[in-house]
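Peer 1: what would the 3D arrangement of this be:
(one chain, ligands or ions: 2)
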Amino acid sequence: TARVRVHHLQQAKERGEKWAMLTAYDTYAAAVFEEAGIPVLLVGDSAGNVVLGHTSTVPVTVEDLLLMTKAVTRSTKRSLIVADLPFGSYESGPQQAFDTAVRLMKEGGAQAVKLEGGVRVAPQIRLLTEAGIPVMAHIGFTPQSEHALGGFRVQGRGAGAEQLLADAHAVQDAGAFAVVMEMVPAEVAGQVTKELSIPTIGIGAGPDCDAQVLVWPDMAGMTSGRVPKFVKKYADLRGELLRAAQEYAAEVREGSFPGPEHSFE
Ligand code: KIV
Ligand code: NA
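Peer 2: Ligands and ions are numbered 1, 2, ... in the order given. Okay, the predicted model is just below:
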């Protein structure tokens with residue numbers, strides 16, 4: 001079957017069909033999630049935390065994301081691949097955003113890019129869209145602005161709802177094909193979803209969004225320690241990998257691996 005395209009996501013909204021998005025950073029995850037029928041994969045700068053060992057997305061570079069975007073696009077042919085624009089690679093203006101997006105598309109093979117912000121990045125979204133680059137926006141809690149937002153906090157509560165609605169409309173008017181809403185009250189996210197004609201993708205934004213996204217090591221139980229309230233763990237991959245590594249090490253120590261079936265005469 002052919003590659004998922006932006007207009008397919010628009011059609012899904014019109015038909016009221018919900019869909020799931022996951023992050024992917026390497027060949028294994030990309031291939032498995034495509035086989036699972038996940039229509040959109042995000043090479044997210046959450047890689048800073050879950051792949052690169054940083055404590056935030058702020059240190060992630062264009063080079064980091066390029067490497068992972070290449071791996072994911074080489075390993076898929078059906079899912080739509082969206083690459084994040086990392087912190088510092090688009091904020092100074094539309095031209096900077098364009099230069100970064102072109103690299104992720106030409107060198108990385110991404111079919112769309114995502115950037116954080118609403119009203120303030122509308123000029124960037126407009127230029128990219130006019131240049132033929134599909135843009136996914138990201139509003140509500142935006143991890144790259146963690147330090148300005150005062151930590152991991154729900155956005156769009158009380159008077160903040162008005163700003164969230166303004167951001168949602170600004171990104172749609174600027175040409176975004178979809179918008180991620182992170183850590184937003186369910187009711188506000190539902191209202192945005194009703195008001196916008198483009199698909200909304202929720203993460204900690206309740207059940208009324210057109211789509212949902214999760215960071216895959218969180219949803220598969222690969223991350224250690226606490227995960228955010230909005231994460232559901234669908235597996236215990238960390239536990240399973242730990243068991244496999246311990247068993248392998250024990251068998252090597254006691255001499256039961258490799259056996260004759262793993263050895264050459
Ligand atoms: O980087 C990321 O994984 C994201 C999603 C949480 C939307 O931006
Ligand atoms: Na991100």
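Peer 1: could you tell me the end-to-end distance of stretch 54-65?
Peer 2: 14 Å (Cα to Cα, to the nearest Å).
Peer 1: buried residues, it. List them.
Peer 2: Neighbour-count burial for stretch 54-65 flags 57-58, 60, 62, 64-65 (criterion: 16 or more other Cβ atoms under 10 Å). Every residue, glycine included, has its C-beta placed from N, CA and C.
Peer 1: hmm, residue 216 and residue 21 touching each other?
Peer 2: No - using Cβ atoms under 8 Å, residue 21 is not in contact with residue 216; the gap is 10.2 Å.
Peer 1: what's the distance between residue 219 and residue 23?
Peer 2: Residue 219 sits 9 Å away from residue 23, going by Cβ to Cβ, to the nearest Å.
Peer 1: which sections of the protein are below the confidence cut-off?
Peer 2: Counting by pLDDT under 70, not a single residue of the chain qualifies.
Peer 1: hmm, try it at 90
Peer 2: Applying pLDDT under 90 to the chain picks out residues 1, 150-151, 224-227.
Peer 1: and the helices in it?
Peer 2: 6-15, 27-35, 47-50, 62-74, 94-106, 122-130, 146-149, 160-174, 186-195, 216-219, 237-254 (DSSP state H).
Peer 1: and of those, who's closest to ligand 1?
Peer 2: helix 47-50 (7.1 Å; Cβ to the nearest ligand atom).
Peer 1: from the contact counts, what lies against the closest one?
Peer 2: helix 62-74, helix 216-219 (3 or more Cβ pairs under 8 Å, 6 or more residues apart in numbering; DSSP states H and E).
Peer 1: most tightly surrounded among these?
Peer 2: helix 216-219 (a mean of 22; mean count of other Cβ atoms under 10 Å).
Peer 1: enumerate the residues of the stretch 1-150 of the chain near ligand 2.
Peer 2: 44-45, 84 (Cβ under 5 Å from the ion).
Peer 1: now render those residues as CSV, adding distance to residue 205.
Peer 2: Shown next, in CSV, are these (distance: Cβ to Cβ, whole Å):
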residue, distance to residue 205
44, 16
45, 19
84, 18
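Peer 1: got those as a markdown table, with neighbour count columns?
Peer 2: Below are those laid out as a markdown table (neighbours: other Cβ atoms under 10 Å):
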| residue | neighbour count |
| --- | --- |
| 44 | 30 |
| 45 | 30 |
| 84 | 30 |
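Peer 1: so which of the residues you listed are in strands?
Peer 2: residue 84 (DSSP state E).
Peer 1: of all the residues of the stretch 1-150 of the chain next to ligand 2, which comes closest to ligand 1?
Peer 2: residue 44 (2.4 Å).
Peer 1: skipping adjacent residues, who's closest to that closest one in space?
Peer 2: Of all residues not flanking residue 44 in the chain, residue 23 sits nearest, at 4.3 Å (Cβ to Cβ, 6 or more residues apart in numbering).
Peer 1: wait, isn't the one you found in contact with residue 46?
Peer 2: Yes - applying Cβ under 8 Å as the test, residue 23 and residue 46 come out as touching, 5.8 Å apart.
Peer 1: joint contacts of these two?
Peer 2: residue 215 (Cβ atoms under 8 Å, 6 or more residues apart in numbering).
Peer 1: got the contact list for residue 25?
Peer 2: 43-44, 47, 50-51, 68, 71-72 are the contacts of residue 25 under Cβ under 8 Å, 6+ apart.
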